[in-house]
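Undergrad: Output the structure for:
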Amino acid sequence: MSASATATPTGTIEVNGVRLYYELQGRGQPVVLVHGSWGDARSWRFVVPGLAESFRVVVYDRRGHSRSQRPDTPGSVDEDGDDLAAVLEALDLAPAHVVTNSYGGNIALRLATRRPEVFRSLSCHEPPLWSLLEDDPEPLEILQQGARSLQAVGQRIAQGDHEGAARQFVEEVAFGPGAWERELPPELRAIFVDNAPTFLDEFQDPNVVRVDEAALSQLELPVRLTQGSESPPTFPAVIDRLVELIPRVSREIINGAAHVPQLTMPERYVQVTTRALQRAAA
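TA: From the prediction side, this is the model:
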């Protein structure tokens, strides 16, 4: 009997020297949902039941987040990628469909260029791969403002103002003014505050927003990129560049959505994601 069949619906596994919390639900081809910065597996809670009607769904808290172990040493985006591969292998779910939000897409896209064999397909919603825009003068001012905001966020975390840092990140970098209270429920705001130290760790990784463009151009994996119609303009600009680079790529705009459609319009997100995964599974 496979490990995925014997694994408990909720538990912890040790991979790469860290203990990670995970949850399993549903039956069918395996799908892993990878959360972005600040959050944890609960950011997917509104969409897991719908996706589990068609797939075997696993969510987990990335290293340093919430119910998973927070190492004392600095981490890296590629350690997160190694953890993703190890989770799939430990639960006997590889190859799997990988679905990501935000920074989870940076993790998965970098991993796909190194370990494509653990993927069936890859779906990324608005990965913040800002390095792809470094030679584009049009979004330069927005990127510079974002960099200044991130520096301020990092300083706030270092000074112990975790709530102020989380609010500033949400409203100035990822979502937009007013989003802290408008789009994030109180439970998720508390999770963001708790995970602020891990974001500071991620922010200090020099590769956090970078990807090997040459390796992406050789990627044979089917990749689906989504964006919200209401998202900040830098995210579509990154997707423009990824579409140019990745050979087997598709793109979809989720009307009315912004950076976290799994929270703000979960029924619509389940519909478009299920349709795309079923197409990839055929």
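
Undergrad: need the longest helix for this protein.
TA: Assignment by DSSP state H gives helix 140-158 as the longest helix of the chain.

Undergrad: And for it, what's in contact with it?
TA: Applying CB atoms under 8 Å, 6 or more residues apart in numbering, the contact partners of helix 140-158 are 130, 133, 162, 164-165, 168-169, 172-173, 196-197, 199-200, 203-204, 232-234. Every residue, glycine included, has its C-beta placed from N, CA and C.

Undergrad: Counting neighbours, which bits of that helix end up buried?
TA: In terms of neighbour count (16 or more other CB atoms under 10 Å), helix 140-158 has its buried residues at Leu143, Gly146, Ser149, Leu150, Ala152, Val153, Gly154, Arg156, Ile157.

Undergrad: next one: stretch 101-121
TA: 101-113, 115, 118-121.

Undergrad: Give me the subset of those lying in helices.
TA: Among these, DSSP H puts Tyr103, Gly104, Gly105, Asn106, Ile107, Ala108, Leu109, Arg110, Leu111, Ala112, Thr113 in helices.

Undergrad: Let's have the residues you listed in CSV, adding distance to Val223 and pLDDT.
TA: What follows is those, written out as CSV (distance: CB to CB, whole Å; pLDDT from 0 to 100):
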residue, distance to Val223, pLDDT
Tyr103, 17, 96
Gly104, 14, 98
Gly105, 10, 98
Asn106, 13, 98
Ile107, 14, 98
Ala108, 9, 98
Leu109, 8, 98
Arg110, 13, 98
Leu111, 12, 98
Ala112, 8, 98
Thr113, 11, 97
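
Undergrad: Could you dump the residues you listed into TSV with distance to Ala190 added?
TA: Below are those laid out as TSV (distance: CB to CB, whole Å):
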residue	distance to Ala190
Tyr103	19
Gly104	20
Gly105	24
Asn106	24
Ile107	23
Ala108	26
Leu109	29
Arg110	29
Leu111	29
Ala112	32
Thr113	35
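
Undergrad: which one of those sits closest to Asp40?
TA: When those are ranked by distance to Asp40 (CB to CB), Gly104 comes first, at 11.3 Å.

Undergrad: Quick check: the closest one vs Asn16, distance?
TA: The gap separating Gly104 from Asn16 is 17 Å, by CB to CB, to the nearest Å.

Undergrad: Please apply the same query to Phe175.
TA: Between Phe175 and Asn16 the computed distance is 31 Å (CB to CB).

Undergrad: which one of these two has more residues nearby?
TA: Phe175 (21 against 14; other CB atoms under 10 Å).

Undergrad: what's the closest non-adjacent residue to that one?
TA: Closest residue to Phe175 apart from its sequence neighbours, by CB to CB, 6 or more residues apart in numbering: His259 at 5.4 Å.

Undergrad: try Glu138
TA: Distances taken as CB to CB, 6+ apart place Ala237 nearest to Glu138, at 7.4 Å, with adjacent residues excluded.
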